[in-house]
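1. fold the following.
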Amino acid sequence: MITVIGSGAGADAGSPAGGTAWVVDVRGDVLTQGDLDLIGKHVSEGGTRVVVRALGDPGFFGVVRALAARFGAEALDVRPGPGAVGLAFARLRQSWDDAVVVDGTAGAGVALDRAVNVCRAHPKVAVLPGPGVGPAELGAELVHRVESRTLVVFSALGDPFRERVERVAPHEAMCRVWEGVNLVLCLDETRAERPAPAVTGPLTGPGGWALPDAEFGAGSGAALARSSGAASGAGGTDGAVAGTVPPLPYEARALVLARLGPRAGDLVWDIGSGCGSVAVECVRLGAAAVAVEQTAGGVERIRGHAAAQGAEVRVVHGAAPTVLSHLSDPDGVFVGGGGRDLRAIVAAAARRARRAVVVAPSALEEVAPVRAALAACGFAVDGVLLQSQRLLPLPDGSSSLAPSAPVLLVWGTR
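-> Below you'll find the predicted structure:
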């Protein structure tokens with residue numbers, strides 16, 4: 001039997017009392033391969049009990065997973081102590097049932113990006129630090145990408161003599177050298193405390209997506225009258241004012257979201273955003289989003305629609321592909337509209353997108369260069385001409401079908 005003991009808040013959840021024991025003290029919530037081999041050797045020899053001591057709750061991003069995978073759950077006697085996340089929020093006298101927890105040790109090469117994107121998209125985030133994912137790195141990435149965040153840094157958490165709690169702005173955190181950090185909270189203190197969720201963890205999400213066109217400023221007939229041209233890739237297919245193309249219809253938006261697959265920890269670019277419908281929907285699904293829009297009026301519309309949906313969208317005022325060089329690498333990209341720069345925009349997006357690029361060309365002749373740009377970057381390319389018929393109520397209570405304007409979608413995935 002392997003006894004796994006969690007400690008914290010100045011007291012142990014248990015002790016190795018009861019005879020001679022071989023004790024392993026875990027540092028940083030990680031057991032090395034050498035640790036596991038030594039534990040296995042003592043277990044196989046029998047006689048001496050094995051005790052593994054870890055900080056907090058070893059079943060929460062801790063050593064229980066590794067031990068159970070190696071020796072089987074039936075070989076473990078787990079005695080958890082107070083978890084680091086619960087302790088941290090207790091120090092701030094806050095609830096944490098609506099917090100998102102990110103493990104900064106998981107996913108070599110993308111751990112920092114994932115943590116930053118979650119911090120951008122959610123108002124209450126706990127980051128368990130890892131190599132290259134600490135207060136300084138988080139601060140450096142957040143300082144120019146969010147308007148209001150506070151970092152609360154916990155060092156020697158649970159130690160009655162050495163524990164430190166420091167509240168800093170991102171620009172302050174990036175300029176310091178940090179040691180002994182257990183946890184970093186990233187808080188948007190401008191947002192009101194939300195009601196307690198009915199479900200916590202990965203099952204939470206919006207009640208629906210592909211919101212009605214009216215949520216983004218379109219009249220009831222906008223989808224029926226949607227033009228197939230006139231918008232540039234840098235100016236938006238999603239504009240919702242006179243003289244511009246109406247928002248992407250919700251039927252097409254649903255397929256765009258399905259191909260982008262936005263989720264917590266992702267970053268999505270919405271290029272030629274217009275009214276921001278794709279960016280807003282991605283944030284509602286847990287991702288961080290950047291909307292690129294070249295018109296001042298479009299920038300204001302995006303901000304208004306994002307605020308109405310409670311979504312924090314970073315809006316970049318400028319023309320693609322020029323402004324894209326200043327953005328963090330995305331997981332998914334949506335490019336709306338056509339124009340002479342479309343192929344260059346798609347190529348720039350495809351060179352940097354990790355998973356998917358979805359394009360809504362404004363004309364059929366633009367499909368071939370879009371396909372070529374995506375294929376050249378190693379994407380598997382597909383597409384569809386999407387046309388639907390919406391129910392149209394008639395005065396006598398019956399219904400008719402009104403065809404919506406067709407929408408071309410081309411996407412690449414890898």
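
2. okay, CA-based contacts and neighbour counts for the rest of this
-> Fine.

3. what sits against Asp77?
-> Listed by Cα atoms under 8 Å, 6 or more residues apart in numbering, the contact partners of Asp77 are Met1, Ile2, Thr3, Val4.

4. let me know the pLDDT of it.
-> Each residue has a pLDDT score; the one for Asp77 is 90.

5. could you do Gly47 as well?
-> What the model reports for Gly47 is a pLDDT of 69.

6. ditto for the one 10 residues further on
-> Per-residue confidence (pLDDT) for Asp57: 83.

7. could you do the one 10 residues further on as well?
-> With respect to pLDDT, Leu67 scores 91.

8. so is it in a helix, a strand, or just coil?
-> helix (DSSP: H, G, I helix; E, B strand; the rest coil).

9. how much space separates it from Val26?
-> Distance of Leu67 to Val26, computed by Cα to Cα, to the nearest Å: 12 Å.

10. wait, is Glu366 part of a helix?
-> Yes. Counting by three-state DSSP, Glu366 is located in a helix.

11. for it, grab the count of nearby residues.
-> For Glu366, the neighbour count with other Cα atoms under 10 Å is 18.

12. do the same with Arg263
-> 19.

13. same question, Ala291
-> With other Cα under 10 Å as criterion, Ala291 counts 26.

14. can you tell me the SS state at it?
-> Here Ala291 is strand, with the state taken from three-state DSSP.

15. what bridges to it?
-> Beta bridges link Ala291 to Asp270, Val315 when assigned by DSSP bridges.

16. how close does it get to Leu128?
-> From Ala291 across to Leu128, the span is 29 Å (Cα to Cα).

17. tally of neighbours for Glu215?
-> Glu215 has 14 neighbours, counted by other Cα under 10 Å.

18. got phi/psi on it?
-> Dihedral pair for Glu215: phi -70, psi -20, per degrees, to the nearest 10.

19. show the contacting residues for it.
-> His305.

20. and if we set it to 6 Å?
-> Not one residue lies near Glu215 by Cα atoms under 6 Å, 6 or more residues apart in numbering.

21. which among the contacts of Asp77 end up buried?
-> Buried by 16 or more other Cα atoms under 10 Å: Ile2, Thr3, Val4, out of the contacts of Asp77.

22. let's see which of those end up in strands.
-> Taking DSSP state E, the ones among the buried ones among the contacts of Asp77 that sit in strands are Ile2, Thr3, Val4.

23. please enumerate the helices of the stretch 151-300 of the chain.
-> With DSSP state H, counting those that start in this stretch, the ranges of helices along the stretch 151-300 of the chain come out as 170-173, 250-260, 277-284, 296-308.

24. poorly predicted segments of the stretch 201-350 of the chain, please.
-> The model of the stretch 201-350 of the chain has pLDDT under 70 over residues 201-209, 217-246.

25. would you map the strands across it?
-> In the stretch 201-350 of the chain, the strands defined using DSSP state E, counting those that start in this stretch lie at 267-271, 288-293, 314-317, 332-336.

26. what count of nearby residues applies to Ala254?
-> Ala254, neighbours per other Cα under 10 Å, totals 16.

27. cool, Pro160 as well?
-> 12.

28. next: Leu211.
-> Residues lying near Leu211 (other Cα under 10 Å) number 17.

29. gap between it and Arg343?
-> Relative to Arg343, and taking Cα to Cα, Leu211 is found at 29 Å.

30. again with Leu76
-> 57 Å.

31. same thing with Ala121?
-> The value you get for Ala121 to Arg343, if Cα to Cα is used, is 30 Å.

32. quick one: which of those two has more around it?
-> A side-by-side neighbour count of Ala121 and Arg343, using other Cα under 10 Å, places Ala121 first with 26 against 22.

33. the more buried one and Ala288 touch, don't they?
-> Yes. Using Cα atoms under 6 Å, Ala121 is in contact with Ala288, at 4.7 Å.

34. relative to Asp25, how far out is Ser328?
-> From Ser328 over to Asp25 the distance is 38 Å, taken as Cα to Cα.

35. cool, and Gly339?
-> 62 Å.

36. any stretches of the stretch 1-150 of the chain with poor pLDDT?
-> The low-confidence ranges in the stretch 1-150 of the chain, as defined by pLDDT under 70, are 8-19, 28-29, 47, 107-108.

37. neighbour count: Ser328 and Asp25, which is higher?
-> Ser328 (17 against 14).

38. end to end on stretch 144-157, go ahead and measure it.
-> From its first residue to its last, stretch 144-157 covers 29 Å (Cα to Cα).

39. can you give me the buried ones in it?
-> Buried, per 16+ other Cα under 10 Å, within stretch 144-157: Arg145, Val146, Ser148, Arg149, Thr150, Leu151, Val152, Val153, Phe154, Ser155, Ala156, Leu157.

40. per-residue pLDDT of the residue nearest to the last one when sequence neighbours are not counted, please?
-> This means Leu157. Leaving aside its chain neighbours, Leu157 sits nearest to Glu163 (5.1 Å; criterion: Cα to Cα, 6 or more residues apart in numbering). Glu163 carries a pLDDT score of 92 in this model.

41. quick one: contacts for Leu409?
-> Val359, Ala360, Gly383, Val384.

42. ok, how many other residues are close to Gly40?
-> Applying other Cα under 10 Å, we find 17 residues neighbouring Gly40.

43. repeat that for Ala308.
-> Per other Cα under 10 Å, the neighbour tally for Ala308 reads 12.

44. ok, Ser95 next?
-> 12.

45. next, it: secondary structure please.
-> Ser95 ends up coil, using three-state DSSP.

46. for the residue nearest to it when sequence neighbours are not counted, helix, strand, or coil?
-> Leaving aside its sequence neighbours, Ser95 sits nearest to Phe89 (Cα to Cα, 6+ apart; 6.5 Å). Classification of Phe89 using three-state DSSP returns helix.

47. among the contacts of Leu409, name the buried ones.
-> The neighbour-count test (16+ other Cα under 10 Å) applied to the contacts of Leu409 identifies Val359, Ala360 as buried.

48. let me know the closest of the contacts of Leu409 to Val102.
-> When those are ranked by distance to Val102 (Cα to Cα), Val359 comes first, at 30.9 Å.
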